[in-house]
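Chemist: one predicted model, sequence on top.
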Amino acid sequence: MAVAVGVCVHLGLVFLHVAPANTLSKQHGSLVGEWIYPEFEQNWQLFAPNPLQQNISVQVRAEVETADGGVRTTGWYDLSAQDGAAIRGNPLPSHTQQNELRRAWDFFVATHDSGDRPTGPRGAISEGYLRRIAVLRLGRENAAGPGGALTRIQFRSRTTAVPPPTWSGEKVSDQPLHRQLPWWPVPVGEAEGDVAG
């Protein structure tokens with residue numbers, strides 16, 4: 001019974017999120033937003049008149065406290081390349097493989113200014129979401145090594161424009177844009193595998 005109620009509540013909140021603005025969605029907008037973002041967010045750009053036009057590569061590295069008490073910095077892990085490798089040749093890639101990292105990065109960029117400062121209350125949510133994705137993936141790669149612990153992580157990205165079709169008169173720069181974020185501390189619970197919050 002509890003599962004059925006939970007499913008109904010979830011479907012109702014998703015419906016209010018994707019439905020045209022109405023009295024009910026306006027009245028409960030903050031509740032709907034808290035439930036939807038960032039895990040259940042919808043992106044309809046595939047069907048938009050102006051689909052995605054950039055390739056974004058996201059990489060992460062970590063500062064690790066080693067088992068003997070020392071500190072070392074890992075090399076850069078190319079998270080976007082890992083996603084690409086998981087999708088390539090897979091006839092039925094999962095939604096996570098296709099969108100988790102890309103949507104998390106889009107969410108971060110949309111909630112931060114060019115100086116990497118949050119522009120609103122959703123900024124902290126986007127940072128936590130992106131950080132947890134990185135910590136999980138670095139854990140799978142055993143980046144901390146035997147007996148080590150992640151203490152800080154740092155992201156960088158490289159954005160290149162997708163060239164327009166030859167028949168288009170549109171001109172885009174072929175120069176990549178680079179962005180490197182400051183180091184973020186990894187909470188002890190997350191470093192030990194507790195990424196639930």
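Modeler: Perfect, thanks for sending it.
Chemist: residues in contact with stretch 172-190?
Modeler: Contact with stretch 172-190 is made by 53, 62-63, 116, 127, 131-132, 135, 149-164, as judged by C-beta atoms under 8 Å, 6 or more residues apart in numbering. Using the backbone N, CA and C atoms, a C-beta is placed for each residue, glycine as well.
Chemist: in it, what's buried?
Modeler: Buried residues in stretch 172-190, counted by 16 or more other C-beta atoms under 10 Å: 181, 184, 186-187, 190.
Chemist: try stretch 141-150
Modeler: Neighbour-count burial for stretch 141-150, with 16+ other C-beta under 10 Å as criterion, is recorded at 143-144, 148, 150.
Chemist: just the closest of those residues to Ala2, please.
Modeler: Using C-beta to C-beta, Leu150 comes nearest to Ala2 of those, at 35.8 Å.
Chemist: OK, contacts around the closest one?
Modeler: By C-beta under 8 Å, 6+ apart, the neighbours of Leu150 are 62-64, 135, 138-139, 143-144, 186, 190-191.
Chemist: same question for Gly145.
Modeler: Applying C-beta under 8 Å, 6+ apart, the residues near Gly145 are 64, 66-67.
Chemist: I'd like to know which of these are buried.
Modeler: Among the contacts of Gly145, those classed as buried by 16+ other C-beta under 10 Å are Val64.
Chemist: was I right to think Ile36 contacts Leu13?
Modeler: Yes. Using C-beta atoms under 8 Å, Ile36 makes contact with Leu13 at a distance of 6.7 Å.
Chemist: pass me the low-pLDDT residue ranges in this protein, would you?
Modeler: By pLDDT under 70, the weakly predicted segments of the chain are 38-52, 191-197.
Chemist: list the buried residues in the longest helix along the chain.
Modeler: Ranked by number of residues, the top helix in the chain under DSSP state H is helix 122-140. For helix 122-140, a neighbour-count test (16+ other C-beta under 10 Å) marks 122-123, 125-135, 137-139 as buried.
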